[in-house]
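>>> Provided below for reference: sequence and predicted model.
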Amino acid sequence: MTRLKKSLRPKEVYIPDFPLGIGLVEFESIRHAKLARLLLNAVYRDGGGEILEFETWWKALIADDEYDPALCFVAEDSDGVLVGFAHCWATGFVKDIAVTPECRRRGLGKALMVSIFEAFQSRGLPAVELKIDPKNPHGVDAFYLSLGMELAS
């Protein structure tokens, strides 16, 4: 695993630019969590993350001291379909992020990450970190580097 980090500057402005017809909605615990796990499992079937049963994942997630439902980012299209999801730990760590195949390369992943930067900046955290699998088939390393993330020391 490779660890990446983006330093957040207090005066930098982070404004997410979601693709037309897609936006963030408030995380509705069980409803969104079940849909999010389906998306994560679908995306991770090709590699890059763990495939888990919902109950196993959900129990572990909500029992973690770093879990905060405000750090679950849900992107829906205009029909209310979940098309992107990210969840983070309160310490500034992006645990999982996924975008449906039909919404990739349209700016949704970037909008989710910029929303995460803004959330952590507003909490006064100095940086955002995440881990990537160098063998991830989706070429995520270039994506995260394009957002100003760097190898963490």
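Everything's here; your move.

>>> So which residues of the chain form helices?
29-44, 54-63, 108-122, 140-146 (DSSP state H).

>>> just these: most buried one?
Across these, averaging neighbours per residue (mean count of other CB atoms under 10 Å) puts helix 108-122 on top, at a mean of 20. For every residue, glycine as well, the C-beta is placed using N, CA and C.

>>> residues near Ser78, how many?
Residues contacting Ser78 under the criterion other CB atoms under 10 Å number 9.

>>> Which residues are in contact with the nearest residue to Glu118 once chain neighbours are set aside?
Counting by CB to CB, 6 or more residues apart in numbering, Glu118 lies nearest to Tyr14, which is 3.9 Å off, once chain neighbours are set aside. Applying CB atoms under 8 Å, 6 or more residues apart in numbering, we find Tyr14 in contact with 114-115, 117-118, 121.

>>> and if you look at Asp133?
Asp133 is in contact with 1-2, 47-49, counting by CB under 8 Å, 6+ apart.

>>> Show me which of the residues you listed are buried.
Among these, those buried by neighbour count (16 or more other CB atoms under 10 Å) are 48-49.

>>> Residues contacting the helix or strand bottoming out on mean pLDDT in the chain, please?
The element with the least model confidence among the helices and strands of the chain, by mean pLDDT, DSSP states H and E, is helix 140-146, at a mean of 85. Contacts with helix 140-146, where a contact means CB under 8 Å, 6+ apart, come from 2, 4, 48, 109-110, 113, 130, 132, 134.

>>> Quick check: which ranges of this protein have low pLDDT?
For the chain, the stretches flagged by pLDDT under 70 are 136-139.

>>> redo that, cut-off 50
Across the chain, no stretch falls below the confidence threshold (pLDDT under 50).

>>> now the contacts of Asp133 in CSV, with distance to Gly84?
Rendered in CSV, the data for the contacts of Asp133 read as follows (distance: CB to CB, whole Å):
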residue, distance to Gly84
Met1, 22
Thr2, 22
Gly47, 19
Gly48, 15
Gly49, 15
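
>>> Distance of Gly148 relative to Pro19?
Spatial separation of Gly148 from Pro19 under the definition CB to CB, to the nearest Å is 21 Å.

>>> What count of nearby residues applies to Ala152?
Counted with other CB under 10 Å, Ala152 comes out at 13.
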